[in-house]
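In: structure of the sequence below:
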Amino acid sequence: MTETLTDAQSQFRSAMRRFTSTICLITTECDGVRHGMAATAVQSVTADPPTILVCINQSASISQPLKQAKRFAVNMLHLSHAPLVPLFSGKLKGQDRFQHGDWISLNGLPVLCDAQASFACDLRDVVRVQTHDVVLGEVRQAQYLDAIAPLLYEDGKLMRSSALIDTAA
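Out: This is a model prediction of the structure:
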């Protein structure tokens with residue numbers, strides 16, 4: 001099936017490529033089977049209670065298992081995780097994705113032990129918006145690395161961050 005874009009859709013997609021986003025792996029476990037996907041549409045919502053949102057295409061393989069499990073994890077990727085991005089973006093399917101990386105359990109959810117940050121969440125709400133679900137999760141547990149080196153996505157490429165000014169000086 002060939003996708004035909006309107007001018008507005010094409011302009012929207014081109015404009016959105018100007019955003020720089022941290023790449024995360026969204027994971028869950030349902031009936032003993034792990035599911036995961038790469039995502040850039042992840043955002044904090046509130047600190048009280050700690051809540052984050054993730055946008056997931058309803059056709060993604062993780063969509064139904066995540067809603068059934070009512071729990072998920074957000075794994076913010078570190079620079080060292082660049083090889084995982086294509087694996088969780090479609091190169092591999094299902095549990096084969098979890099044969100790569102060092103996975104542990106955080107509150108019963110699969111998380112990368114060396115993720116830049118990981119959040120174990122209980123599903124709070126799902127808001128359907130056309131082809132996607134905006135998934136709200138209440139954070140039950142979080143862990144992070146002290147050294148900050150997140151893997152970023154910008155204009156279709158994996159990137160790294162760098163400080164423009166050292167404000168600590």
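
In: strands of this protein, start to end?
Out: Secondary structure of the chain by DSSP state E: the strands cover 20-22, 24-30, 33-39, 42-47, 50-57, 71-76, 103-106, 109-112, 117-129, 132-144, 152-154, 157-159.

In: and the longest helix along the chain, average pLDDT?
Out: Assignment by DSSP state H gives helix 7-16 as the longest helix of the chain. For helix 7-16, mean pLDDT rounds to 90.

In: show me the contact partners of that helix.
Out: If you take C-beta atoms under 8 Å, 6 or more residues apart in numbering as the criterion, helix 7-16 is touched by Leu5. Backbone N, C-alpha and C define where each C-beta goes, glycine included.

In: hang on, the earlier thing: and the strands of the chain as JSON lines, adding distance to Pro83?
Out: Rendered in JSON lines, the data for the strands of the chain read as follows (distance: least, C-beta to C-beta, whole Å):
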{"stretch": "strand 20-22", "distance to Pro83": "17"}
{"stretch": "strand 24-30", "distance to Pro83": "12"}
{"stretch": "strand 33-39", "distance to Pro83": "12"}
{"stretch": "strand 42-47", "distance to Pro83": "20"}
{"stretch": "strand 50-57", "distance to Pro83": "22"}
{"stretch": "strand 71-76", "distance to Pro83": "14"}
{"stretch": "strand 103-106", "distance to Pro83": "14"}
{"stretch": "strand 109-112", "distance to Pro83": "12"}
{"stretch": "strand 117-129", "distance to Pro83": "18"}
{"stretch": "strand 132-144", "distance to Pro83": "21"}
{"stretch": "strand 152-154", "distance to Pro83": "14"}
{"stretch": "strand 157-159", "distance to Pro83": "10"}
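
In: as CSV, these with mean pLDDT would be great.
Out: Shown next, in CSV, are the strands of the chain (pLDDT from 0 to 100):
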stretch, mean pLDDT
strand 20-22, 94
strand 24-30, 98
strand 33-39, 97
strand 42-47, 97
strand 50-57, 98
strand 71-76, 98
strand 103-106, 94
strand 109-112, 97
strand 117-129, 98
strand 132-144, 97
strand 152-154, 95
strand 157-159, 94
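
In: specify the beta-bridge partners of the residue nearest the centre of the chain.
Out: Nearest to the mean C-alpha position of the chain, counting by C-alpha atoms, centre = their mean, stands Cys24 at 3.2 Å. Applying DSSP bridges to Cys24 gives these bridge partners: Ala39, Met76.
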